[in-house]
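here you go, sequence then predicted model.
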Amino acid sequence: MEAVIPTELMVSTKRIHDFDESSNDEGLSTSLDMLEEHREIVTIREVINKQKISKYYDKRVKPMSFRIGDYVRRNNEASWAENTGKLGPNWEGPYEVIRISAIESYILTRLNGERIPRTWHATNLKRCYI
């Protein structure tokens, strides 16, 4: 369907002259029938694009893993151990990895042997060289 301005109704134009209501209704019903198929095509295209983006991202990600005995620093935003403000340090530590509890999750201790209360994911840790 297209909008028709009042001037086109008063002055006969080619578009108004060639208008046929039955073919217009048939065209609308065809468009509605094709709508579901068009949506499926768009969904398939969206999935393909997401797979390409995921492949591009995964190619550049470097997985972090630590071994028992490694020294790490902990992200201050994740731990909320200190409220240092925006100019404070972003990383705290060093800590030592004493156990691997799950995939990319680690149990840490301070250097004096005091255990940190919960497990920490590798995204919140970075290697510390002492």
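Yep, it's here. Residues are numbered from 1 along each chain as shown.

toward the C-terminus from the top helix by length along the chain, list the very next helix or strand.
The residue-count maximum for a helix in the chain (DSSP state H) belongs to helix 21-60. Sequence order places strand 71-75 as the next helix or strand after helix 21-60, per DSSP states H and E.

identify all contacting residues around that next one.
66, 81, 90-97, 106, 108, 116, 120, 124-130 (C-beta atoms under 8 Å, 6 or more residues apart in numbering). Using the backbone N, CA and C atoms, a C-beta is placed for each residue, glycine as well.

averaged pLDDT, the helix or strand where I116 lies. What do you get?
In this structure, I116 sits in strand 115-121 according to DSSP H and E. Average pLDDT, strand 115-121: 88.

could you list the low-pLDDT ranges of this protein?
1-21, 24, 79-82 (pLDDT under 70).

so what are the domain limits for it?
Residue ranges for each domain of the chain read 6-60, 71-127, as given by automatic domain parsing.

mean neighbour count added to those, as TSV?
Shown next, in TSV, are the domains of the chain (neighbours: other C-beta atoms under 10 Å):
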stretch	mean neighbour count
domain 6-60	10
domain 71-127	14
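
strands paired with the lengthiest strand in the chain, and their directions?
In the chain, with assignment by DSSP state E, the single longest strand is strand 91-102. Partners of strand 91-102 in the sheet, by DSSP bridges, are strand 71-75 (antiparallel), strand 105-110 (antiparallel).
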